[in-house]
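> A predicted structure for the sequence below; I have some questions about it.
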Number of protein chains: 2
Amino acid sequence: MIRTIYSENGAVCILNQNLLPAQVTYECVTDFRDLVRAIKELQVRGAPLIGVTAAYGIALAMDQAPLSDEEMDHYFEEITNSFASSRPTAVNLFWAIDRMTRLFESLRGRAHQDIQQRLWQEAENICAEDIATNQLIGEHGVPLLPVGARILTICNAGALATCGYGTALGVIRSAHLGNRVGQVWVCETRPVLQGARLTIWELMQDGLPVRLITDSMAASVMQQGQVDAIIAGADRIAANGDTANKIGTYALAVLARYHQVPFYIAAPLSTVDLMIDSGQGIPIEERNPDEVRQLGGIYVTVPEVAVYNPAFDVTPNSLITGIITEAGVIFPPYREELLRLKGE
Amino acid sequence: MIRTIYSENGAVCILNQNLLPAQVTYECVTDFRDLVRAIKELQVRGAPLIGVTAAYGIALAMDQAPLSDEEMDHYFEEITNSFASSRPTAVNLFWAIDRMTRLFESLRGRAHQDIQQRLWQEAENICAEDIATNQLIGEHGVPLLPVGARILTICNAGALATCGYGTALGVIRSAHLGNRVGQVWVCETRPVLQGARLTIWELMQDGLPVRLITDSMAASVMQQGQVDAIIAGADRIAANGDTANKIGTYALAVLARYHQVPFYIAAPLSTVDLMIDSGQGIPIEERNPDEVRQLGGIYVTVPEVAVYNPAFDVTPNSLITGIITEAGVIFPPYREELLRLKGE
């Protein structure tokens, strides 16, 4: 199994995903600011993994915490603020920070070393739970797919976006274990090419029948009747089921509706943000225009051209056939069921 | 004005579009096989320009024609077969070859030098007519656009795809001369990036307000209500109006329908192929998978991954708001009007 993150001898080691698939390189760091930078620069990416990385990063940082309670509180807040400002859209980041913060607050007054150990343990727990959650997502998703299913996906909602197994790719993995997968169409996912670089690499390692296309080819493949289902991950799901995910996901949802192809979101409940009523409230990160202007560090267009580079788009709930979670598949209308499953 | 092709001292000179926008390089050749290769390798591209290049190439080749009538006929056929097999989808290629062939046949028995001169003249005529045709397309398209129009386009149906002025970009150019253009959204157009490399370069030279996006962002821009019209070129239009154009065009047409944005095709009547009844009959070129696997000659994915790489897709007539031609704008149903305008 691919490991995306782990702790070793007081360091946090991450697989640098910017170097994939050409190089499989782990980088072990002892300064939490290196993890903040790794999130910003997409060395670690994928909504669940961003959350786990922040959890590990908080534990790592607290190894250097000052001794007095007051100073420690202040320091903890600084750390969590650093992680909270690393990327704006994936809510799992804030969910993991909240979980670490609640634990930290419950430990107030305990011995320094005890607090440190418990924070490390919590990060490990979040990581382990993530894998178990993804396996449940996979199981719940399988019955939605026909035998020989031709599934289309975008970006990487896989083992590389999580602590292992993946969300959208978890469903595909579970279906493959049951011999139900005929073909996986992988959209390359411009501008950062997570589909071409990460999903292709990850699925080929497991022997899945993948085929790479540019994002602009998905419509043509659907027109030819060669797609039975689309499964995408999510960076944030609003209370009404509207879903933010990698730019290009919304286009696939519209195309799926036109071609009568079911369109599923696969995500853990930690991706659901009940504080946001609809997709309009989800903050959408805009990234460096050079991601679009350049390929491999070389300009492919006029260098000073104006660019629009949103990292995500929002798919309205009306275009989502179902949301596959660890607690089961949810169908529209989503609001009541999301509220019930989040237990709030 | 950008020149894409011209003849000089018995050579044919082409702008090598694979080097744009970094380098503006003209290559002058005296062997017609270099032009066949230039078409195959996309140094010259764009349906009308492919046709013009074949016309010049035939004239160029005939400068070395054997002297006997019988040998010359055989030689002419070899040349036209070479060009006809260079690329399968753009019908302007076959239209130009037919036009040169009809002229050649009408000149049978004439002096060698006379034939050669007339073939050169015909190539020049086709090129000059192309520019005039595009200016008419531009004029006819303008009234379709509101003042301040925000227009989205894909690939390069511009001066670089023709002898000058362009088809889809001809309409945008004419609208710009009338101060009607608020924004031009340019899809980068993977895999070969004609939007990012060519359209951006061409339109920035004329001072148009361009903004570059990846193909996957077009839906999001439409969702935000920021597109008033889509204008694309065409590689072949069937008798019923179904249109083959650069891969990704069909997706835009579906997205346009969903967002109630008008979707126009701009093309000369030489792009209409009455011999093909519907889009299903249009041959779609599949190109080298490395176009998708590589960027700038470097693999961005697992090098041995399976790829689907169609260069074109077909947009059904039902999704096309209108076809802008040099004879005026045609609205559905297309069949009768196309038949009338082609005068057959």
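Structure received.

> Tell me the bridge partners for the residue nearest to A:Ala256 when sequence neighbours are not counted.
What sits nearest to A:Ala256 in space, not counting adjacent residues and going by C-beta to C-beta, 6 or more residues apart in numbering or on different chains, is A:Phe263, at 4.0 Å. For the C-beta atoms, the positions are set from N, CA and C on the backbone; glycine is no exception. Beta-bridge pairing for A:Phe263 (DSSP bridges): A:Ile230.

> Excluding sequence neighbours, find me the nearest residue to A:His112.
A:Leu67 is the one closest to A:His112 (C-beta to C-beta, 6+ apart), at 6.4 Å.

> For the one you found, grab the count of nearby residues.
Applying the criterion other C-beta atoms under 10 Å in any protein chain shown, we find 7 residues in the vicinity of A:Leu67.

> buried ones in stretch A:68-83?
A:72, A:75-76, A:79-80, A:82-83 (16 or more other C-beta atoms under 10 Å in any protein chain shown).

> tally of neighbours for the closest residue to A:Pro191 other than its chain neighbours?
Nearest in space to A:Pro191, with sequence neighbours left out and distances taken as C-beta to C-beta, 6+ apart, is A:Glu291 at 4.2 Å. Applying other C-beta under 10 Å, we find 17 residues neighbouring A:Glu291.

> Show me what the host helix or strand of A:Glu291 is packed up against.
A:Glu291 is part of helix A:290-293, with elements assigned from DSSP states H and E. Using 3 or more C-beta pairs under 8 Å, 6 or more residues apart in numbering or on different chains; DSSP states H and E, the elements in contact with helix A:290-293 are strand B:210-213.

> and the next element down the chain from the strand it packs on?
Assigned by DSSP H and E, the successor of strand B:210-213 is helix B:218-223.

> And the contacts of that following helix?
If you take C-beta atoms under 8 Å, 6 or more residues apart in numbering or on different chains as the criterion, helix B:218-223 is touched by A:247-248, A:250-251, A:254, A:308, A:310, A:313-314, B:152, B:154, B:185, B:187, B:213, B:227, B:251-252, B:255-256, B:258-259, B:261.

> now with 6 Å?
Residues outside helix B:218-223 that contact it (C-beta atoms under 6 Å, 6 or more residues apart in numbering or on different chains): A:250-251, A:313, B:185, B:187, B:227, B:252, B:255, B:259, B:261.

> quick one: which of those residues is nearest A:Gln205?
The closest of the contacts of helix B:218-223 to A:Gln205 turns out to be A:Ala251 (C-beta to C-beta; 28.1 Å).

> So which of the contacts of helix B:218-223 are in helices?
Mapping these onto helices (DSSP state H) picks out A:250-251, B:252, B:255.

> Tell me which two of those sit farthest apart.
A:Tyr250 and B:Leu252 (13.7 Å).

> how far away is the nearest residue to A:Tyr299 once chain neighbours are set aside from B:Asp206?
Once flanking residues are discounted, A:Tyr299 sits nearest to A:Arg293: 5.6 Å by C-beta to C-beta, 6+ apart. Here the distance between A:Arg293 and B:Asp206 works out to 20 Å (C-beta to C-beta, to the nearest Å).

> Looking at these two, which is more packed in?
Neighbour totals were compared for A:Arg293 and B:Asp206, and A:Arg293 leads with 22 against 16 (other C-beta under 10 Å).

> that older thread, can you put the ones in helices among the contacts of helix B:218-223 in TSV and add distance to A:His140 and neighbour count?
TSV is the format used below for the ones in helices among the contacts of helix B:218-223 (distance: C-beta to C-beta, whole Å; neighbours: other C-beta atoms under 10 Å in any protein chain shown):
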residue	distance to A:His140	neighbour count
A:Tyr250	24	27
A:Ala251	26	30
B:Leu252	35	30
B:Leu255	31	27
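
> show me where chain A has helices.
A:32-40, A:47-62, A:69-84, A:92-106, A:112-141, A:168-177, A:194, A:200-205, A:218-223, A:249-258, A:290-293, A:335-342.

> can you list the residues of chain A near chain B?
Applying C-beta under 6 Å from any C-beta of the partner chain, we find that chain A lies next to chain B at A:21, A:190-191, A:193, A:196-197, A:200-201, A:204, A:211-217, A:219-220, A:247-248, A:250-251, A:254-255, A:258, A:292, A:295-296, A:298, A:300-302, A:305-308, A:313.

> Kindly write the ChimeraX command that selects the buried subset of these.
Remark: buried members of the residues of chain A next to chain B, expressed as a ChimeraX selection using 16+ other C-beta under 10 Å:
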select /A:21,190,191,193,196,197,200,201,204,211,212,213,214,215,216,217,219,220,247,248,250,251,254,255,258,292,295,300,301,302,305,307,308,313
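
> picking that back up, so the residue nearest to A:His112 versus A:Phe76, what's the distance?
Note on A:Leu67: its distance to A:Phe76, by C-beta to C-beta, is 13 Å.

> Return the per-residue confidence for the closest residue to A:Glu188 other than its chain neighbours.
Spatial nearest neighbour of A:Glu188, excluding adjacent residues (C-beta to C-beta, 6+ apart): A:Ala196 at 4.0 Å. If you check A:Ala196, the pLDDT there is 98.

> hang on, isn't A:Ala196 packed against A:Val186?
No. Using C-beta atoms under 6 Å, A:Ala196 makes no contact with A:Val186, being 7.3 Å away.

> Now the common contact residues for those two.
Shared contacts of A:Ala196 and A:Val186, defined by C-beta under 6 Å, 6+ apart, comprise A:Leu212.

> Let me know the pLDDT of the residue located most distally from the centre of chain A.
The centre of chain A is farthest from one residue, A:Ser68, which by C-alpha atoms, centre = their mean lies 36.2 Å away. What the model reports as pLDDT for A:Ser68 is 90.

> same check, this time on A:Val254
pLDDT at A:Val254 comes out at 98.

> For it, which non-adjacent residue is closest in space?
A:Val254's closest residue in space is B:Tyr258 (C-beta to C-beta, 6+ apart), at 4.9 Å.

> what's the pLDDT at the one you found?
The model reports B:Tyr258 with a pLDDT of 98.

> show me what contacts A:Val29?
Going by C-beta under 6 Å, 6+ apart, A:Val29 touches A:Val12.

> what are the bridge partners for it, then?
A:Val12.

> A:Gln183 - how many residues pack around it?
For A:Gln183, using other C-beta under 10 Å, the count is 18.
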